[in-house]
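Engineer: After the sequence you'll find the predicted model.
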Amino acid sequence: MVSRRLLVVLFVLGLSVAGVTAQQQFTLLATILDPQKGTPAETVTAADVHVIEDGAEAKVLKVEPVVRTVKVQVLLDNGVGIGQNLTEVRNGLRGLIEALPPDVETTLVTTSPQPRFLVKATKSRDELLKGVDRLTLDGGTGRFTESLTEGAERANKEKDTFTIFIAAGTTSGDRDIRDAHTKRLFEQTSGKPMLIHVLMFNGERSASGGDIQIEVGQAVTKMTGGRYEFINNISRFATLLPEFGGEVAKQAAGSTRMFRITVQRPDGKKGLLGKLGVSAGSLALTSVRRE
């Protein structure tokens, strides 16, 4: 299992650093787990980590722990795709909030007719539940891709955070999305400290753009290691959203501690970084990116 994870990490890292100009030193940010416990390693030294650039051994100068604060963004389609099923949506959202860890900062955003804050970032469960009571339906279509892009951009402006997204969308919307929009989203999510879960409902009203939302939802969950669910029955909102909240509690523990790796490039290496390979000996390296 560890070797398969490592192969994925090496491939992704090779893509993420291509075309990036580096000095003689660069830094990486990695999630490294104790394979026996499945939790972040207590101690990782420079001797534990090996970095290779284009087949040549680089020198790992130091490894420092980085404690990340876990935050949650909930993006909810409240447009025509929901139909008149406001009660089911509210019930699912309440169950999600109640299942979240009590000390995790959470933001609620509605996506129709455009991304709007329902509740700005807060740790107050009472404020979040009051926001659910204020939730109303809108006559427009949900902006699934746009809301994810804006959410990712907000997350990337914060330092030492790990953001978990729960995006509840419908197939009614995103009719004006073009390749440039999806490219912008993927640039904001690929290799970044975030996890995206998607719950996609087969909308009550037909609208162009549904296929795009499905493709985008599947792509970002695969890219970040999240969960994708497609449902035809709105009643599943009330059961699946709390499940997503329960998973956040488990995922948060493994995402708060990462390691910053400072690397000296191999002798003679200049200009653009080549393809990098990273390993951590007997430890499980589950993600790594250029910082």
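Structural biologist: Noted; the coordinates are in hand.
Engineer: With just CA atoms, put stretch 146-161 into CSV.
Structural biologist: Output of stretch 146-161 as CSV, limited to C-alpha atoms (Å, rounded to 0.1, in the frame of the first residue of the first chain):
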residue,chain,number,x,y,z
GLU,A,146,-17.1,29.4,-9.8
SER,A,147,-17.8,28.8,-6.1
LEU,A,148,-15.1,26.2,-5.9
THR,A,149,-12.6,28.4,-7.6
GLU,A,150,-13.3,31.4,-5.3
GLY,A,151,-13.2,29.1,-2.3
ALA,A,152,-9.9,27.6,-3.3
GLU,A,153,-8.5,31.1,-3.8
ARG,A,154,-9.6,32.1,-0.4
ALA,A,155,-7.9,29.0,1.1
ASN,A,156,-4.7,29.6,-0.8
LYS,A,157,-4.3,33.1,0.7
GLU,A,158,-4.2,31.7,4.2
LYS,A,159,-0.9,30.5,5.7
ASP,A,160,-0.4,27.0,7.3
THR,A,161,-4.0,25.9,6.8
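Engineer: which other residues reach that stretch?
Structural biologist: 66-71, 73, 75, 107, 109, 111, 114-115, 163, 165, 167, 174, 177, 181, 184-185, 188-189, 192-194, 196, 216, 220 (Cβ atoms under 8 Å, 6 or more residues apart in numbering). From N, CA and C alone the C-beta is placed, and that goes for glycine too.
Engineer: What about those, which are in helices?
Structural biologist: In this view, those that belong to helices under DSSP state H are 181, 184, 185, 188, 189, 216, 220.
Engineer: and residue 223, what helix or strand is that in?
Structural biologist: Residue 223 belongs to helix 210-224 when assigned by DSSP states H and E.
Engineer: tell me which residues of that helix are tucked away?
Structural biologist: 210, 212, 213, 214, 216, 217, 219, 220, 221, 223, 224 (16 or more other Cβ atoms under 10 Å).
Engineer: now the helices: where do they sit in the chain?
Structural biologist: Ranges of helices in the chain, per DSSP H, are 2-17, 86-99, 125-134, 144-156, 179-189, 210-224, 237-255.
Engineer: before we move on, back to that, among the ones in helices among the contacts of stretch 146-161, which one has the most neighbours?
Structural biologist: residue 220 (27 neighbours; other Cβ atoms under 10 Å).
Engineer: Among the ones in helices among the contacts of stretch 146-161, which has the minimum pLDDT value?
Structural biologist: Ranked by pLDDT, the ones in helices among the contacts of stretch 146-161 bottom out at residue 181 (87).
Engineer: which residues touch it?
Structural biologist: Residue 181 neighbours (Cβ under 8 Å, 6+ apart): 145, 146, 149.
Engineer: hmm, try it at 6 Å
Structural biologist: residue 145 (Cβ atoms under 6 Å, 6 or more residues apart in numbering).
Engineer: Residue nearest the middle of this protein, spatially speaking?
Structural biologist: residue 195 (2.3 Å; Cα atoms, centre = their mean).
Engineer: from what I can see that residue touches residue 226, true?
Structural biologist: Yes. Taking contacts as Cβ atoms under 6 Å, residue 195 lies within contact range of residue 226: 5.2 Å.
Engineer: Now for these two: what residues contact both?
Structural biologist: With Cβ under 6 Å, 6+ apart as the test, residue 195 and residue 226 reach no residue in common.
Engineer: How about the contacts made by residue 38?
Structural biologist: Contacts of residue 38 by Cβ under 6 Å, 6+ apart: none found.
Engineer: again, but for residue 104
Structural biologist: 70, 72.
Engineer: Please repeat the previous calculation with a cut-off of 10 Å.
Structural biologist: Residue 104 makes contact with 69, 70, 71, 72, 123, 164, 245, 248, 249, 252, according to Cβ atoms under 10 Å, 6 or more residues apart in numbering.
Engineer: same thing with residue 129?
Structural biologist: 90, 93, 94, 97, 98, 119.
Engineer: State the distance from it to residue 122.
Structural biologist: Per Cβ to Cβ, to the nearest Å, residue 129 is found 11 Å from residue 122.
Engineer: what's the overlap in contacts for these two?
Structural biologist: In contact with both residue 129 and residue 122: no residue, using Cβ under 10 Å, 6+ apart.
Engineer: still on that earlier bit, hmm, which two among the contacts of residue 104 are most spread apart?
Structural biologist: Greatest spatial distance in the contacts of residue 104: 69 and 245, 18.0 Å, computed using Cβ to Cβ.
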